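[1] build the 3D model from these lines:
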Amino acid sequence: MAVSSHIPRHVGIIMDGNRRWARARGLPALEGHRRGYEKMKAVGDWALEVGIEYLTVFAFSTENWNRTKREVSYLMRLLKRAFERDLNYFHERGIKLRFLGRWRGLPADVQRATRAAVRKTAGNTRATFSVCINYGGRHEIVDAVRAIVRARVPAGRITPATISHALYASDLPNPDLIIRTSGEQRLSGFLTWQSAYSELLFVKQHWPAFSKQDFHAALQAYARRQRRYGR
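    Residues are numbered from 1 along each chain as shown. I've put the predicted structure just below:
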C-alpha cells in the first residue's frame, strides 16, 4: 500500500491487547507478550521505511505492577532482552534508544541493561526509539514539578515551557500521531502532557495482529486530517 508523503515526525503507540490476542487463540498470556515484542520490532522497521524520525511505545506502565508476579517478571525479562540481547538489532539500524519513566522500582539488571543501551546508541542519528517503562503521564508531571521546585524557580516565572523542559525527555518533539490498538479509546496516561495536540487513532486489532497494512492505513488517516492548533 502506498503511503502519503505527509508523514508524522513523531508517532506514539499504546501497544494494547497482547493478553486478549493470546486468550482468543488458546495461548498463554506470556506468549501474547512475546508476540507483542516481536511486533514492536517489526513496527520499528516499518517506521524507518517511511522516514518517521521518532517512535515512542508504551511498554510498561506504573499500573502494570498490579499484574501477577509471574507476568511482571516475564515482562521485565522481555524489556531486558530489548536493551541487552537485541541491542545490535537497533544499533545496526542507526537507532538511538531512549528510556522514559522512573528508574526507581525497576530491577537492577533492567536498569543496567537500559542505561548501557542508551549510552551505546547515543550517537545514532537515523531515528529515535523511546520506550516508556514504569511510566505514567501524571507521575511524569509530578516529577517535573518536583524538579522545578528543587531548582527554586519562582512561581511567577513558571510557564508551560518550564514544565516541558523538566519532563523525562524534554528534547523529544511532541507526538504528531498516537495509535492505540485493541479497540480501547483512551490514552491511559501515555504522554499526558505531550499529547495535548496529538492526533489520536484507535484501531480494533490487538497489538500482535497489527499489520503493516494497518500501519500504513493509520498514516494515511493522519495525512487526511487538518491540524489547526486552535487557529
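
[2] tell me which element residue 96 is part of?
    Under the criterion of DSSP states H and E, residue 96 resides in strand 95-100.

[3] before we move on, what about residue 111?
    Following DSSP H and E, one finds residue 111 within helix 108-120.

[4] helices of this protein, start to end?
    Along the chain, counting by DSSP state H, helices occupy 18-24, 29-50, 69-83, 87-91, 108-120, 137-150, 160-165, 212-224.

[5] with residue 58 as the reference, measure out to residue 134.
    Taken as CB to CB, to the nearest Å, the spacing of residue 134 relative to residue 58 amounts to 11 Å. C-beta coordinates here come from the backbone N, C-alpha and C atoms, glycine included.

[6] thinking again about what came up before, can you list the helices of the chain in a markdown table and add mean pLDDT?
    Below are the helices of the chain laid out as a markdown table (pLDDT from 0 to 100):
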| stretch | mean pLDDT |
| --- | --- |
| helix 18-24 | 97 |
| helix 29-50 | 97 |
| helix 69-83 | 94 |
| helix 87-91 | 94 |
| helix 108-120 | 96 |
| helix 137-150 | 98 |
| helix 160-165 | 98 |
| helix 212-224 | 97 |
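
[7] of these, which is nearest residue 62?
    Residue 62 sits nearest to helix 137-150 of all the helices of the chain, at 5.7 Å, using CB to CB.

[8] nearest to residue 63 among the helices of the chain would be which one?
    Of the helices of the chain, nearest to residue 63 by CB to CB is helix 137-150, at 10.2 Å.

[9] which other helices and strands contact the helix holding residue 111?
    On a contact count with 3 or more CB pairs under 8 Å, 6 or more residues apart in numbering; DSSP states H and E, helix 108-120 meets helix 69-83, helix 87-91, strand 95-100.

[10] neighbouring contacts of the longest one?
    The reference is to helix 69-83. The list of residues contacting helix 69-83 from outside it, by CB atoms under 8 Å, 6 or more residues apart in numbering, reads 29-30, 33-34, 37, 40, 59-60, 64-65, 67, 97, 106-107, 109-110, 113-114, 116-117, 131, 133.

[11] any of those residues buried? List them.
    Among these, those scoring as buried are 29-30, 33-34, 37, 40, 59-60, 64, 97, 106, 110, 113-114, 117, 131, 133 (criterion: 16 or more other CB atoms under 10 Å).

[12] which residues does the helix holding residue 111 contact?
    In contact with helix 108-120 (CB under 8 Å, 6+ apart) are residues 76, 79-80, 82-84, 87, 90-91, 97-99, 103, 106, 133.

[13] same question, stretch 46-58
    Taking CB under 8 Å, 6+ apart as the rule, stretch 46-58 contacts 3, 7-15, 40, 43-44, 93, 95, 100, 126-132, 135, 172-173, 175, 188, 190-191, 212, 215-216, 219.

[14] swap in 7 Å and give it another go.
    Contact partners of stretch 46-58, identified using CB atoms under 7 Å, 6 or more residues apart in numbering, comprise 3, 7-15, 40, 44, 93, 127-132, 135, 172-173, 175, 190, 212, 215, 219.
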